[in-house]
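**Q** build me a model from this:
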Amino acid sequence: MKYVRVLANLVAALAIATAPAFAAEIQTATGPKTIDKVPAKIAVYDIAAIDTLTRLGIQPAGVPNKLFVPELANVAKGATVVGTLFEPDLEALNALAPDLVIVGGRSSTQVEATSRVAPTIDMTMNGDDLVAQAKERLAAYGALFAKADEAAAAAEELDATVEAARQAVKGKGTGLILMTNGPKITAYGAGSRFGWLHKTLDLQPAVADVEAATHGEAISFEFISKANPDWLLVLDRAAAIGSGEQGAKATLDNELVAQTTAWKKGQVIYLPSSDFYIAAGGVQSTQRVLKAIEEAFAKAQ
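**A** Next up, the predicted model:
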């Protein structure tokens, strides 16, 4: 009997010794995933993810060839290039031998390819409620990298930034979100990829029925004049991607746009382009966008 108890204790001890010391179930774009160890080396193909990870003090070992956001320049210096946002370099990725690959947004179609090299998670955010999704991803990274306290602190900072922007926007009129792409202009409504600004900040849209398309509704200067928004929130895509095409300020310098309340009052906000367009949902990038909005609205009487 004593022998049986000893054997049972040995089996239990062995089970404890061989059991995973860590396991985290995190939410991804494709559902919950369980990771059984803290990844020591990661490759990340999503700029929003890189932005949030750096807020937690996590340095990716592999990154795309271009990070677009100036604040992430130091990340690029300390990492290996493993492809582009759209196309992984599988040979370089294999040589890096990461424990985990993170994709999202523009790189989300590459899950199958990168999964042949290392376990891959898709952390895409769709923009319906970007701030809520940003916090969900933040919590997931906190759990995954054993940095729950840091993630909680970052979430509190983001909440405070949202509230400050919401209070600044309150009662100060309507807004119209525009994207310029060289000389071309598209508008984005409340149900679009950028519509989270309306929802999050309770910003009344100047036009209620803008087409809710991924790439916006192509519009004319007449459309802007007729909408007559109190505020124009402008994304310069050319600046975001570094295409060198005509900038937003030149594109909007038009006599019809000049007739709007927004233009007359100097209430045209040129949003941080790469933060808003490339790194959307990254915790630090989202805060920079919100702070730019807060500062502009706070100046208005």
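**Q** C-alpha from now on. contacts and neighbour counts both.
**A** Will do.
**Q** how many neighbours does M123 have?
**A** By other CA atoms under 10 Å, the residues close to M123 number 25.
**Q** was I right about it contacting T28?
**A** Yes - with contact defined as CA atoms under 8 Å, M123 counts as touching T28 (5.2 Å).
**Q** tell me, what's touching those two both at once?
**A** Common neighbours of M123 and T28 (criterion: CA atoms under 8 Å, 6 or more residues apart in numbering): R137.
**Q** look up how far G31 lies from L232.
**A** 37 Å (CA to CA, to the nearest Å).
**Q** repeat for L233
**A** Distance from L233 to G31, by CA to CA: 33 Å.
**Q** the more surrounded of those two?
**A** The residue with more neighbours, out of L233 and G31, is L233; 19 against 10, by other CA under 10 Å.
**Q** relative to the helix or strand hosting that one, what are the paired strands and their orientations?
**A** L233 is part of strand 231-236, with elements assigned from DSSP states H and E. Using DSSP bridges, strand 231-236 pairs in its sheet with strand 174-181 (parallel), strand 268-270 (parallel).
**Q** between these, which one is nearest to E157?
**A** Closest approach to E157 among these is made by strand 268-270 (22.8 Å; CA to CA).
**Q** show residues contacting whichever helix or strand comes after that closest one.
**A** Of the helices and strands lying after strand 268-270 in sequence (DSSP H and E), the nearest is helix 273-277. With contact meaning CA under 8 Å, 6+ apart, helix 273-277 is reached by 68-69, 235-237, 239-241, 282, 285-286, 288-289.
**Q** one more pass at 10 Å, please.
**A** Helix 273-277 is touched from outside by 47-48, 51, 67-71, 179, 193-194, 234-242, 271, 279-290, with contacts defined as CA atoms under 10 Å, 6 or more residues apart in numbering.
**Q** show the buried residues in these.
**A** 47-48, 51, 67-69, 179, 193-194, 234-241, 271, 279-290 (16 or more other CA atoms under 10 Å).
**Q** out of the residues you listed, list just those in strands.
**A** When DSSP state E defines the strands, the subset of these inside them is 179, 234-236.
**Q** export those residues to a markdown table and tack on pLDDT and distance to G104?
**A** Listed next are those as a markdown table, based on pLDDT from 0 to 100; distance: CA to CA, whole Å:
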| residue | pLDDT | distance to G104 |
| --- | --- | --- |
| M179 | 97 | 22 |
| V234 | 98 | 24 |
| L235 | 98 | 21 |
| D236 | 98 | 22 |
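**Q** for those residues, which one is nearest P205?
**A** For these, the nearest to P205 is V234 (13.9 Å; CA to CA).
**Q** does the closest one have beta-bridge partners, and which?
**A** V234 forms beta bridges with L178, Y270, as assigned by DSSP bridges.
**Q** ok, it touching T251?
**A** No - applying CA atoms under 10 Å, one finds V234 not in contact with T251, separated by 11.0 Å.
**Q** quickly list what's touching both of these two.
**A** Contacts common to V234 and T251, judged by CA under 10 Å, 6+ apart, are 180, 185.
**Q** tell me which of the strands paired with strand 231-236 is the most buried.
**A** strand 174-181 (a mean of 24; mean count of other CA atoms under 10 Å).
**Q** check which helices and strands the helix or strand following it is in contact with.
**A** Heading C-terminal from strand 174-181, the first helix or strand you meet, by DSSP H and E, is strand 184-188. Strand 184-188 sits against strand 174-181, strand 217-218, helix 221-227, strand 231-236, helix 248-252, with contacts defined as 3 or more CA pairs under 10 Å, 6 or more residues apart in numbering; DSSP states H and E.
**Q** mind redoing it with 7 Å?
**A** strand 174-181, strand 217-218 (3 or more CA pairs under 7 Å, 6 or more residues apart in numbering; DSSP states H and E).
**Q** count of neighbours near A23?
**A** A23, neighbours per other CA under 10 Å, totals 13.
**Q** typed the wrong thing, it's G57
**A** For G57, the count of nearby residues is 10 (other CA under 10 Å).
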